[in-house]
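>>> A structural model of the following input is requested.
(2 chains)
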Amino acid sequence: MREQYSTQLAMTAGVLTLIVTAVFAFIQSPGLLDFSETAAAKSAGEVPHRIEGRRDCAGCHGVKGAKPYPAKHTGWSIGSCMQCHRPAAAVAAEIVAPAASIDEKAGTAPPLPHPVQGMEECGACHSFDAGHPYPDDHAGWSDDSCTTCHATLENDGEKQ
Amino acid sequence: MIIRLFFRSAFWIGVYFAVAMAPLLAMLIGPIPPGRGFWREFSVGIGFAGLSMMGLQFFLTGRFKNITAPYGIDVVYHFHRAISLIAFSFILLHAVIIPVSSPETLILLHPVSAPWWMAAGAAGLLAFAVVITTSLYRIQLGLHYERWRVIHGYVSVAAVALAMAHVIGVGYYAQGPAGRGLWIALTIAWVLALVNVRVIKPWKMFRRPYIIEKVEREHGNSWSLTLLPEGHKGMQFNPGQFAWLTIGKSPFSIREHPFSFSSSAMEPDRIRMTIKELGDFTARIGETVPGTRAYLDGPYGSFTIDRHAAVGYVFIAGGVGVTPVMSILRTMADRHDARPVLLIFGSKTWEDVTFREELEEIKAGLNLRVVHVLEQPPAGWRGEQGWVTAELLARYLPENRMEQDYFICGPEPMQKAVRGALDRLGLPMEHVQSESFNFV
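Residues are numbered from 1 along each chain as shown, chains lettered A, B, ... in the order given. Next comes the predicted model:
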């Protein structure tokens, strides 16, 4: 009898917990039957830059990259980034035609003729209205992505 | 009294549920991270609730008298056992639903590249599984009670700590001030509960030692220990209650066992406990040397006439289950309580009838009738034999049986059978009290 009473109390607490948890989950994600996207994809941040020609996300977003990924991404393969992170709508709209040429050119991009230390903001000199504008097909690339394709020189002149 | 207990009972259930649900509510305060699909959020929710419930176990087993008083400590311990299974199911479901609903997370389980917080989560789940398995199958695994208690205590703490590390490491909901603050508050509360159980309570016991004055053999392979307080006034208790006893060890050693008082509650400075040789610790209880130091944690339990006022009482005891009844009868005699009492006492043989001489003596000062029921009666026995059945009870219960309060104490199968018998006789179950010592 007393054990039954304890069991009834526990079962009641368990059922109430399940109900409250289901309500919580429904508030957070009302699309109960929406299986079109994975859960991770729904919460993943959007990619704020164009991705054509950038196969190696770790170049910029690895542990030693310019914008390393969060620690909790440790263990995820580089090839899996795009499974969850999608280009931002504004960026996607810009992509009228896939810039396949950039991809092909990535391996042949000329090295930078000067050291970059202290000059991390490439756009200061190389934007369209600056002294040394980059080519038209570089539109949409962020400042911190230049060195993904273009090799850099250190201050001492040695190629990196 | 009953109404006050009802409200205290409702209050503590409310507190329990609020604390168990607090992590979910905290998740909805302040900036809320985006949802990741119903099943992902549901699994996270039950994971949080499961961990919160597991943390609350430190309070349930902390023997806080305010928490245990409205229910009886046996109910609290059984609740602890039942809710553990539910909480573990939630944690297990959390671990299953996430990879099923989000297969991309499986890569986090890779043994080489798994992040530390994933390893902590997996280790925590394994530790919880060890706690549950060793508790459910202690006897089958051949674990002695004392060794099991040590494993249970330390692995439980490790499991909760690892699960907390997992929550903090994942950080999805624990990053905001509300989420972080709540988990910190819960952790502090759990640690304080542990400190109370493992440090403060043993320290209080350490300062109130007892000396074992006498060790006397009783019928039925039982022993009565008489404890005298050393430097204090002893322990006030209600007749029928029990305490955790530590003999010859430090109260910090986690080597304690629950036993009923058999002495009168009117003698708090001369406490007797009667213990049957059953196994483990109790098998050597008769070897205890007078003069040994002992410690008591108590009193606990709601199996007492002081909480159940009635015009008369019917006690149905089996074997050493007569111990708390003896405490009640001795107390009633000391109080000159004239209410009618019927004791139906089941034993295996006449030689096994604990306190049989004393029961005859105490009749002189009480309105008491004793009915012995022997499973294996001696030749020429003219009393009752066999089991305590509805038919047997019907022969002895007084006419005003609906106004009496009934107390059952004995082995679990006997308690169950007697309850069924009383139910068949149409007696109100709210007048039937029993207490189980099957805490593990």
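>>> So the closest residue to chain A within the stretch 301-440 of chain B, which state does it fall into?
Ranked by Cβ to the nearest Cβ, the top residue of the stretch 301-440 of chain B for proximity to chain A is residue B:419, at 5.7 Å. Using the backbone N, CA and C atoms, a C-beta is placed for each residue, glycine as well. Three-state call for residue B:419 (DSSP: H, G, I helix; E, B strand; the rest coil): helix.
>>> Residue B:18 and residue A:13: what is the separation?
Shown here: residue B:18 relative to residue A:13, a distance of 11 Å by Cβ to Cβ, to the nearest Å.
>>> quick one: which of those two has more around it?
residue A:13 (22 against 10; other Cβ atoms under 10 Å in any protein chain shown).
>>> What residues does the residue of the stretch 301-440 of chain B closest to chain A make contact with?
Contacts for residue B:419 (Cβ atoms under 8 Å, 6 or more residues apart in numbering or on different chains) come out as A:1, B:408, B:429, B:432, B:434.
>>> ok, so of the residues you listed, who is nearest residue A:82?
Checking the contacts of residue B:419 against residue A:82 by Cβ to Cβ gives residue A:1 as the nearest, at 60.3 Å.
>>> Select the longest helix from chain A.
Identified as the longest helix of chain A according to DSSP state H is helix A:2-28.
>>> Derive a PyMOL selection command for the buried subset of the contacts of residue B:419.
With 16 or more other Cβ atoms under 10 Å in any protein chain shown as the criterion, this PyMOL line picks the buried residues out of those:
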select buried, chain B and resi 408+432+434
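>>> when you check the contacts of residue B:419 against the strands, which ones overlap?
B:408, B:432, B:434 (DSSP state E).
>>> Dump those residues to JSON lines, plus distance to residue B:359 and pLDDT.
Shown next, in JSON lines, are those (distance: Cβ to Cβ, whole Å; pLDDT from 0 to 100):
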{"residue": "B:408", "distance to residue B:359": "18", "pLDDT": "93"}
{"residue": "B:432", "distance to residue B:359": "22", "pLDDT": "90"}
{"residue": "B:434", "distance to residue B:359": "21", "pLDDT": "85"}
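>>> where along chain A do the helices fall?
Assigned by DSSP H, chain A shows helices spanning A:2-28, A:39-43, A:58-61, A:81-84, A:89-94, A:100-105, A:123-126, A:146-149.
>>> ranking these by mean pLDDT, which is last?
Of all the helices of chain A, helix A:100-105 carries the lowest average pLDDT, namely a mean of 49.
>>> Residues of the stretch 301-440 of chain B that sit close to chain A?
Taking Cβ under 8 Å from any Cβ of the partner chain as the contact definition, the stretch 301-440 of chain B meets chain A at B:419, B:429, B:432, B:434-436.
>>> for these, which one is nearest residue B:72?
Distances from residue B:72 to these, taken as Cβ to Cβ, are shortest for residue B:435 (6.4 Å).
>>> Surely residue B:290 is in contact with residue B:212?
Yes. Under the criterion of Cβ atoms under 8 Å, residue B:290 makes contact with residue B:212 at 5.7 Å.
>>> which of the two has more neighbours?
More crowded of residue B:290 and residue B:212, by other Cβ under 10 Å: residue B:212, with 20 against 11.
>>> Surely the more buried one is in a strand?
Yes. Counting by three-state DSSP, residue B:212 is located in a strand.
>>> by contact count, what packs against whichever strand or helix holds residue B:89?
Taking DSSP states H and E as the criterion, residue B:89 maps to helix B:73-101. Secondary-structure packing of helix B:73-101 (3 or more Cβ pairs under 8 Å, 6 or more residues apart in numbering or on different chains; DSSP states H and E): helix A:2-28, helix B:38-60, helix B:116-136.
>>> Now do it against helix A:2-28: the angle between them, please.
Angle between the axes of helix B:73-101 and helix A:2-28 is 30 degrees (criterion: axes from the mean of the first three to the mean of the last three Cα atoms, to 10 degrees).
>>> Buried ones in helix B:73-101, by neighbour count?
Across helix B:73-101, burial judged by 16+ other Cβ under 10 Å covers B:73-84, B:86-88, B:90-95, B:97-98, B:101.
>>> The helix or strand of chain B with the lowest mean pLDDT and chain A, are they touching?
Sorting the helices and strands of chain B by mean pLDDT, DSSP states H and E puts helix B:65-68 at the bottom, at a mean of 74. No. Helix B:65-68 is not in contact with chain A by Cβ under 8 Å from any Cβ; minimum separation 12.1 Å.
>>> Next, give phi and psi for the residue lying closest to residue B:214 once chain neighbours are set aside.
Excluding the flanking residues, the one nearest residue B:214 by Cβ to Cβ, 6 or more residues apart in numbering or on different chains is residue B:226, at 4.2 Å. Per-residue torsions, residue B:226: phi -100, psi 120 (degrees, to the nearest 10).
>>> now do residue B:261
When read as degrees, to the nearest 10, the backbone of residue B:261 gives phi -70, psi 140.
>>> If you drop the residues flanking it in sequence, what lies closest to it?
Take residue B:261 and drop its neighbours on the chain: the residue closest to it by Cβ to Cβ, 6+ apart is residue B:327, 4.8 Å away.
>>> That neighbour: neighbouring residues, count only.
Residue B:327: 28 surrounding residues under other Cβ under 10 Å.
>>> That one belongs to a helix?
Yes. Under three-state DSSP, residue B:327 falls within a helix.
>>> Let me see the domain layout of the chain.
This is for chain A. Listed by automatic domain parsing, the domain ranges of chain A are A:1-36, A:37-149.
>>> wrong chain, I was asking about chain B
Using automatic domain parsing, chain B is parsed into the domains B:2-203, B:210-300, B:311-434.
>>> which phi and psi does residue B:294 have?
Dihedral angles of residue B:294 (phi, psi; degrees, to the nearest 10) stand at phi -140, psi 160.
>>> Can you name the residues bridging to it?
Per DSSP bridges, the residues bridged to residue B:294 are residue B:210, residue B:247.
>>> isn't it right next to residue B:243, touching?
No. Using Cβ under 8 Å, residue B:294 makes no contact with residue B:243, being 10.3 Å away.
>>> sorry, back to before: name the residues of the longest helix of chain A that are buried.
A:2-3, A:6-7, A:9-10, A:13-14, A:17-18, A:20-22, A:24-25, A:28.
>>> what do you get for stretch B:234-254?
B:234-235, B:237-247, B:251, B:254.
>>> Now, the residues you listed that are in strands?
Residues from these lying in strands, with DSSP E as the criterion: B:242-247.
>>> what's the closest of those residues to residue B:307?
Distances from residue B:307 to those, taken by Cβ to Cβ, are shortest for residue B:242, at 14.2 Å.
>>> Local confidence estimate at that closest one?
92.
>>> distance of it from residue B:297?
10 Å.
>>> Check residue B:92 too.
33 Å.
>>> With residue B:142 instead?
Taking Cβ to Cβ, one finds residue B:142 at 27 Å from residue B:297.
>>> With neighbour numbers in mind, choose between these two.
More crowded of residue B:142 and residue B:297, by other Cβ under 10 Å: residue B:297, with 20 against 8.
>>> so who does the residue nearest to residue B:275 when sequence neighbours are not counted touch?
Leaving aside its chain neighbours, residue B:275 sits nearest to residue B:285 (5.0 Å; criterion: Cβ to Cβ, 6+ apart). Contact analysis of residue B:285 by Cβ under 8 Å, 6+ apart lists B:215, B:223, B:225, B:275, B:277.
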